[in-house]
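Visitor: Predicted model follows, preceded by the sequence.
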Amino acid sequence: MDKQQTTASIPYQSINFNHKFSLFSEQWSQKVIAEMNDYQFKLARLEGDFIWHAHADTDESFIVLEGLLRIDFRDGHVLISAGEMYVVPKGVEHKPYAEHEVKLLLIEPRGVVNTGDEGGDRTSALDVWI
Ligand code: NI
């Protein structure tokens with residue numbers, strides 16, 4: 001495949017977070033907007049309390065685009081405002097909480113389940129693209 005063919009398959013269009021958020025209103029439901037190697041960029045809306053869980057095999061990044069996210073740990077918590085990010089190390093129990101709706105960008109390896117090993121009705125479907 002020559003270079004012209006390679007580049008011809010690339011859509012020259014930026015991915016706009018506000019536009020993507022306009023396409024869904026469900027909360028706690030992760031939507032894939034891009035992939036980079038084995039990683040996915042996902043958007044989510046969070047409001048209220050999540051469940052305690054951990055991810056045995058991967059760190060988890062939280063990038064807050066709008067709102068104020070609190071992540072509780074067993075021995076403390078962190079507040080993440082719009083324009084800020086935080087990385088939860090793998091294996092560490094955590095519980096996100098948002099008093100008002102938070103718009104979030106997540107960057108995770110493909111296949112990571114939002115509830116870790118806990119399951120339950122807050123578990124988001126994987127690989128839902130918007
Ligand atoms: Ni998590």
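Guide: Ah, there it is.
Visitor: Who does the longest strand out of those in the chain pair with, and is each partner parallel or antiparallel?
Guide: For the chain, the strand with the greatest residue count under DSSP state E is strand 95-109. Note on strand 95-109: by DSSP bridges, its sheet partners are strand 39-49 (antiparallel), strand 60-66 (antiparallel), strand 68-73 (antiparallel).
Visitor: then the second one to PDB, C-alphas only?
Guide: Below are the C-alpha coordinates for strand 60-66, written out as PDB (Å, rounded to 0.1, in the frame of the first residue of the first chain):
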ATOM      1  CA  GLU A  60      -7.600   4.100  35.000                       C
ATOM      2  CA  SER A  61      -7.500   7.700  33.900                       C
ATOM      3  CA  PHE A  62     -10.200  10.300  34.600                       C
ATOM      4  CA  ILE A  63     -10.100  13.600  32.600                       C
ATOM      5  CA  VAL A  64     -12.900  15.900  33.700                       C
ATOM      6  CA  LEU A  65     -14.200  18.100  30.900                       C
ATOM      7  CA  GLU A  66     -17.200  19.600  32.900                       C
END
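Visitor: Can you list the buried residues in it?
Guide: 60, 62-64, 66 (16 or more other Cβ atoms under 10 Å). The way it works is simple: take the backbone N, C-alpha and C, and place the C-beta from them, glycine included.
Visitor: Let me know the closest of those residues to Asp38.
Guide: Checking these against Asp38 with Cβ to Cβ, the nearest one is Glu60 at 14.9 Å.
Visitor: Thanks again, I'm all set now.
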